[in-house]
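**Q** Pasted the sequence and its predicted model underneath.
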Amino acid sequence: MNIYEEQLNHFFVDIFNDILRLEEESLAKGNFKNLSVNEIHVIEAVCDSEADGTNTMKLLSNKLMITASSLTIAVKTLEQKGYLVRQKDKEDKRKVTVVSTKLGNEAYKHHKLFHKDLIASVSKTLNEAEMAALTLALGTLHRFFITLKNK
């Protein structure tokens, strides 16, 4: 690896870990201490998918890039905690959708606020040109990772 690749690798690892740590701290401070970061991401995927009807177990496992059995375990745990509910389709009993409860929606809003505050804080430290460059670079990276995922 050249010097830029080494720096990029360190940035990826450090930033990923920094964001996870901040998410964990946000959950620990709020009313959702019984949730892990992975669980809040499952709730987020369900809430984001409910509006367009892509909240089936199959589509959610694809969106989260986890196995169906891993999602089943996560959803079962979140049902027991009162955040989500599984429902069988009335017409096709094989099809199972997942919906959020009132508590699940509150956790979702809390997590969205965390992200909004995080981005607002980052935005304050960068000027407009830096924000534009960062957004462009991250967009390119995101497309790259999507391409890797779809191979």
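**A** Right, received. Where do you want to start?
**Q** Please enumerate the helices of this protein.
**A** Per DSSP state H, the chain carries helices over the ranges 3-29, 37-50, 57-64, 68-80, 102-125, 128-149.
**Q** Deepest-packed of these, please.
**A** helix 37-50 (a mean of 20; mean count of other Cβ atoms under 10 Å). All C-beta spots, glycine's among them, are computed from the backbone N, C-alpha and C.
**Q** how distant is that helix from the center of its chain?
**A** 6 Å (Cα atoms, centre = their mean, to the nearest Å).
**Q** what's the angle from it to helix 3-29?
**A** 90 degrees (axes from the mean of the first three to the mean of the last three Cα atoms, to 10 degrees).
**Q** what residues does helix 37-50 touch?
**A** By Cβ atoms under 8 Å, 6 or more residues apart in numbering, the list of residues contacting helix 37-50 from outside reads 20, 23-24, 27, 32, 35, 55, 59-60, 63-64, 71, 74-75, 77-78, 81, 83-84, 98-100, 104-105, 107-108, 111-112.
**Q** can you give me the angle it makes with helix 102-125?
**A** An angle of 100 degrees separates the directions of helix 37-50 and helix 102-125 when computed by the same axes, to 10 degrees.
**Q** Can you dump the C-alpha atoms of helix 37-50 in PDB for me?
**A** What follows is helix 37-50 as a C-alpha-only set of coordinates in PDB (Å, rounded to 0.1, in the frame of the first residue of the first chain):
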ATOM      1  CA  VAL A  37     -26.500  -0.500  17.600                       C
ATOM      2  CA  ASN A  38     -27.400  -3.500  15.400                       C
ATOM      3  CA  GLU A  39     -30.900  -3.600  16.800                       C
ATOM      4  CA  ILE A  40     -31.500   0.200  16.200                       C
ATOM      5  CA  HIS A  41     -30.300  -0.400  12.600                       C
ATOM      6  CA  VAL A  42     -32.900  -3.200  12.200                       C
ATOM      7  CA  ILE A  43     -35.600  -0.800  13.600                       C
ATOM      8  CA  GLU A  44     -34.400   1.900  11.200                       C
ATOM      9  CA  ALA A  45     -34.600  -0.400   8.200                       C
ATOM     10  CA  VAL A  46     -38.100  -1.500   9.200                       C
ATOM     11  CA  CYS A  47     -39.300   2.100   9.700                       C
ATOM     12  CA  ASP A  48     -37.700   3.300   6.400                       C
ATOM     13  CA  SER A  49     -39.300   0.400   4.500                       C
ATOM     14  CA  GLU A  50     -42.800   0.600   5.900                       C
END
